[in-house]
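J.: sharing a model that was predicted from the sequence below.
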Amino acid sequence: MAFSLLNHQVIHWTETGRVGGPAILFVNSLGTDFRIWDEVVARLGQRWRMVLHDKRGHGLSDAPAGLYSIDDHTNDLLALADHLKLDRFALVGLSIGGLIAQNLALRAPERLAALVLADTACRIGTTESWNARIDAVRHGGLEPIADAVMERWFTPAFRETNPVQLAGWRNLLLRTPPKGYVGSCAAIRDADLTERIGAIAVPTLVAAGDQDLSTPPDLVRATADRIAGARFETIASCGHIPPVEQPAALAALIARHLEENGHV
Ligand SMILES: O=C(O)CC1=CCC(=O)O1
């Protein structure tokens with residue numbers, strides 16, 4: 001793992017896979033860090049160079065005070081790609097990571113060989129719902145919202161059969177700095193790419209957990225329908241975090257999409 005100063009923020013990142021191979025960058029969701037991709041990159045193996053990072057406000061990256069924007073997160077991701085001299089790469093984004101990935105596909109399409117959007121949409125939630133969450137976290141921290149978040153992240157079956165894993169992922173959420181969490185909630189609240197994503201011209205796969213309660217499959221499919229040529233897939237027995245709940249299915253979808261688009 002490594003730390004780099006990008007856009008005046010310490011950003012925590014790591015890479016794995018094939019040195020010099022075709023690159024994949026991963027962007028994680030709200031309240032998580034890059035460990036959520038562990039089981040996916042293990043399955044993608046030695047074919048790709050895979051770069052993971054903690055977006056600002058999360059993990060071991062800096063959590064500056066104030067509200068963030070999707071452009072802030074996108075600028076950090078582009079700075080990381082520049083730092084690593086990745087001219088062209090595939091991009092996999094989960095939830096807010098998918099918003100960042102859509103934004104990057106609009107701002108710098110020449111950098112992208114392929115795009116994978118998982119459990120995301122061009123507009124997630126409402127201004128009211130994000131303001132309520134921001135207020136709750138400002139007043140009480142993450143503990144009061146943690147059980148409700150776990151119900152959206154994971155299916156009932158996963159929660160019932162994996163109580164220890166569930167407790168671990170809940171700990172990950174609780175250790176997110178509240179100011180980083182709030183900053184990124186504001187970024188989601190203020191992002192509406194609905195009228196813009198029709199311009200995405202990168203080969204795109206859109207996937208959704210069939211039991212995702214944060215970005216339900218119909219919402220995710222509606223985003224796919226706005227992107228010319230995008231393929232939509234559902235992941236069976238899965239909530240909002242497929243890299244944890246169904247890593248094999250997600251890795252297979254990513255591998256097939258990259259193979260079909262010559263990023264191998
Ligand atoms: O916490 C949730 O509801 C899940 C989520 C929404 C946006 C994101 O990145 O995660």
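T.: Received the coordinates, thanks.
J.: show me what residue of the stretch 51-200 of the chain gets nearest to the ligand.
T.: At 3.0 Å from the ligand, residue 95 is the closest residue in the stretch 51-200 of the chain, using C-beta to the nearest ligand atom. C-betas here are computed from N, CA, C, even on glycine.
J.: grab the nearest non-local neighbour of that residue.
T.: Leaving aside its sequence neighbours, residue 95 sits nearest to residue 29 (C-beta to C-beta, 6 or more residues apart in numbering; 3.6 Å).
J.: hmm, that neighbour is touching residue 243, no?
T.: No - assessed by C-beta atoms under 8 Å, residue 29 is found out of contact with residue 243, at 9.1 Å.
J.: what kind of secondary structure is the residue nearest to residue 95 in?
T.: Assigned with DSSP: H, G, I helix; E, B strand; the rest coil, residue 29 falls in the coil class.
J.: what touches both of residue 29 and residue 243?
T.: Counting by C-beta atoms under 8 Å, 6 or more residues apart in numbering, the common neighbours of residue 29 and residue 243 are 36, 94.
J.: may I have the secondary structure class of the closest residue to residue 225 other than its chain neighbours?
T.: Excluding the flanking residues, the one nearest residue 225 by C-beta to C-beta, 6+ apart is residue 232, at 7.7 Å. Classification of residue 232 using three-state DSSP returns strand.
J.: how confident is the prediction for residue 232, by pLDDT?
T.: Note on residue 232: pLDDT of 98.
J.: contacts only, for it.
T.: Taking C-beta under 8 Å, 6+ apart, one finds 206, 207, 208, 220, 221, 224, 225 in contact with residue 232.
J.: from those residues, which ones fall inside helices?
T.: 220, 221, 224, 225 (DSSP state H).
J.: enumerate every residue touching the third one.
T.: Looking back up the chat, that one is residue 224. Applying C-beta under 8 Å, 6+ apart to residue 224 gives the contacts 117, 204, 206, 230, 231, 232.
J.: who does the last one form a beta bridge with?
T.: Under the criterion DSSP bridges, residue 232 forms beta bridges with residue 206.
J.: picking up where we left off before, measure the residue of the stretch 51-200 of the chain closest to the ligand to residue 253 for me?
T.: Look at residue 95 and residue 253: by C-beta to C-beta, to the nearest Å, they are 16 Å apart.
J.: more neighbours: which of those two?
T.: For residue 95 versus residue 253, neighbours defined as other C-beta atoms under 10 Å are more numerous around residue 95 (26 against 20).
J.: how near is the more buried one to residue 13?
T.: 19 Å.
J.: also residue 170?
T.: For residue 170, the distance to residue 13 - C-beta to C-beta - is 24 Å.
J.: how about the residue lying closest to residue 73 once chain neighbours are set aside, what does it touch?
T.: Leaving aside its sequence neighbours, residue 73 sits nearest to residue 100 (C-beta to C-beta, 6+ apart; 4.6 Å). Applying C-beta under 8 Å, 6+ apart, we find residue 100 in contact with 27, 55, 70, 73, 74, 77, 93.
J.: assumed residue 100 was part of a helix.
T.: Yes - counting by three-state DSSP, residue 100 is found in a helix.
J.: among the contacts of residue 224, who's most crowded?
T.: In terms of neighbours by other C-beta under 10 Å, the contacts of residue 224 top out with residue 117 at 32 neighbours.
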